[in-house]
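K.L.:
sequence and predicted model, in that order:
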Amino acid sequence: MKRIIVALGGNAILTDDPSAQAQQAALMKTADYLTEFIAKGDIQLIITHGNGPQVGNLLLQELAGSTKSNPAMPLDTVGAMTQGEIGLWLANALNICAKRRQLSLNVATMLTRIVVDEHDNAFAHPSKPIGPFYNEEEVAEIEKEHSDWQIVEDAGRGFRRVVPSPKPISVMEAQAINTLVDNDVTLIAGGGGGVPVVKAGAEVHGVEAVIDKDFSAAKLAELVDADELIILTAVKYVTLNYQQPNQKDLHEVRVSQMKEYLADNQFASGSMKPKVEAAISYAESTGHKAIITSLDNVSSYLKDGDGTVIVPD
Ligand SMILES: Nc1ncnc2c1ncn2[C@@H]1O[C@H](COP(=O)(O)OP(=O)(O)O)[C@@H](O)[C@H]1O
Ligand SMILES: NC(=O)OP(=O)(O)O
């Protein structure tokens, strides 16, 4: 049986409608693709997912309802809440879809803490977009109310708040994760990139940041000695000259070649670049391949290997 880590991108969870009902419906579709993949491939999946829109939205709700006797929770705690929220929906959806396909899956969601360096440069340079998109007038209003927020333009799609996104160093629940995975659990772990924590001696405490789930997925894949890392997003291929007349799909690419494309700024920061970096890091450190493709292509990938496949040199 192959052990594969998948990292689910935004389109696997959120459509235009951020209601709980719509997100659960999106996750049902996602679970349908994933259980088809499991059924066709004799695969054990370990799943991680993003939380950028959800953590930002939940933080806004916390702030809007905050009073002295019922204060808003900090970002790390809100991140943990979104692990629970999305982990719950995804586990339910996987159970339903597995039953439809007569698959016997033992699904569990693990609240995962990921150790980061409190001196990571990312704390001085927030880069992770969270929550909704704003237009220029809305940004002007928000800046009056939240002078400490950093808001940036997000790839031509509008403006979003950005928060620090330190790199994952290690996984607090490493041993528990390996125990579950070795016992054939279909594990949802490291959701939202994991809750970022720092260690000070014997103490552990959460820090206000959001880790990129693609980097956490690569860490988890190394941890459980996965055969492959698959990063699922909205596009079937990573491309060169993205959205230019000379756009070119990438199929199988060696790590050294991918590094050259990275150096050539082919991949947008905050969207495709972290995926490519995570894929390179995984392929280099494990000698296994990493795949970036679309959710709806995941079963075809199994059949014909189609998608962007990053292979070690
Ligand atoms: N070179 C590129 N090749 C393909 N897609 C790219 C490229 N550069 C930017 N993108 C965009 O990046 C998106 C993936 O990033 P994002 O939407 O942030 O990921 P996620 O699926 O994790 O939410 C793609 O759907 C595409 O719109
Ligand atoms: N935490 C994280 O990477 O979330 P998104 O994928 O939603 O940005």
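P.N.:
Right, received. Where do you want to start? Ligands and ions are numbered 1, 2, ... in the order given.

K.L.:
end to end on stretch 288-297, go ahead and measure it.
P.N.:
For stretch 288-297, the first-to-last residue distance is 20 Å (CA to CA, to the nearest Å).

K.L.:
quick one: buried residues of it?
P.N.:
Residues of stretch 288-297 classed as buried: His288, Lys289, Ala290, Ile291, Ile292, Thr293, Ser294, Leu295, Asn297 (neighbour count, 16 or more other CB atoms under 10 Å). No exception for glycine: its C-beta is placed from N, CA and C like everyone else's.

K.L.:
is that stretch in proximity to ligand 2?
P.N.:
No: using CB under 6 Å from any ligand atom, stretch 288-297 stays clear of ligand 2, coming no nearer than 13.1 Å.

K.L.:
need the residues that contact that stretch.
P.N.:
8-9, 11-12, 30, 33, 218, 221, 226-238, 275-276, 278-280, 282-283, 301, 306-312 (CB atoms under 8 Å, 6 or more residues apart in numbering).

K.L.:
and the residues you listed, which of them are in helices?
P.N.:
Under the assignment DSSP state H, the contacts of stretch 288-297 contribute Thr30, Tyr33, Ala218, Ala221, Lys275, Val276, Ala278, Ala279, Ile280, Tyr282, Ala283, Tyr301 to helices.

K.L.:
for the fifth one, give its distance to Thr30.
P.N.:
So that's Lys275. Lys275 sits 17 Å away from Thr30, going by CB to CB, to the nearest Å.

K.L.:
pick the one among the ones in helices among the contacts of stretch 288-297 closest to ligand 1.
P.N.:
Nearest to ligand 1 among the ones in helices among the contacts of stretch 288-297, counting by CB to the nearest ligand atom, is Lys275 at 6.7 Å.

K.L.:
that older thread, contacts with ligand 2 among the contacts of stretch 288-297, please.
P.N.:
Among the contacts of stretch 288-297, ligand 2 is touched by Gly9 when using CB under 6 Å from any ligand atom.

K.L.:
can you say which of the contacts of stretch 288-297 are buried?
P.N.:
8-9, 11-12, 30, 33, 218, 221, 226-233, 235-238, 275-276, 278-280, 282-283, 301, 306-312.

K.L.:
skipping adjacent residues, who's closest to the residue in the chain that ligand 1 sits nearest to in space?
P.N.:
Per CB to the nearest ligand atom, Gly9 is where the chain lies closest to ligand 1, at 2.0 Å. The shortest distance from Gly9 to any residue other than its chain neighbours is 3.9 Å, reached at Thr233 (CB to CB, 6 or more residues apart in numbering).

K.L.:
can you check Val198 too?
P.N.:
Glu118 (4.3 Å).

K.L.:
for the record, mean pLDDT for stretch 4-19?
P.N.:
Taken as a whole, stretch 4-19 has a mean pLDDT of 92.

K.L.:
quick thing: my sequence starts at 21, can you match it?
P.N.:
Fine by me, first position is 21 from now on; the one you just mentioned is stretch 24-39.

K.L.:
show me what counts as buried in that stretch.
P.N.:
Ile24, Ile25, Val26, Ala27, Leu28, Gly29, Gly30, Asn31, Ala32, Ile33, Leu34.

K.L.:
now the residues you listed in a markdown table, with distance to Glu82?
P.N.:
Listed next are the buried residues of stretch 24-39 as a markdown table, based on distance: CB to CB, whole Å:
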| residue | distance to Glu82 |
| --- | --- |
| Ile24 | 35 |
| Ile25 | 31 |
| Val26 | 30 |
| Ala27 | 26 |
| Leu28 | 24 |
| Gly29 | 25 |
| Gly30 | 21 |
| Asn31 | 25 |
| Ala32 | 24 |
| Ile33 | 20 |
| Leu34 | 19 |
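
K.L.:
which of those residues fall in strands?
P.N.:
Secondary structure from DSSP state E places Ile24, Ile25, Val26, Ala27, Leu28 of the buried residues of stretch 24-39 in strands.

K.L.:
contacting residues around the residue nearest to the first one when sequence neighbours are not counted?
P.N.:
The spatial neighbour of Ile24 that comes closest, neighbours along the chain excluded (CB to CB, 6+ apart), is Glu248 at 4.9 Å. By CB under 8 Å, 6+ apart, the contact set of Glu248 is Lys22, Ile24, Ile25, Ala241, His308, Lys309, Ala310, Ile311.

K.L.:
done for today, thanks.
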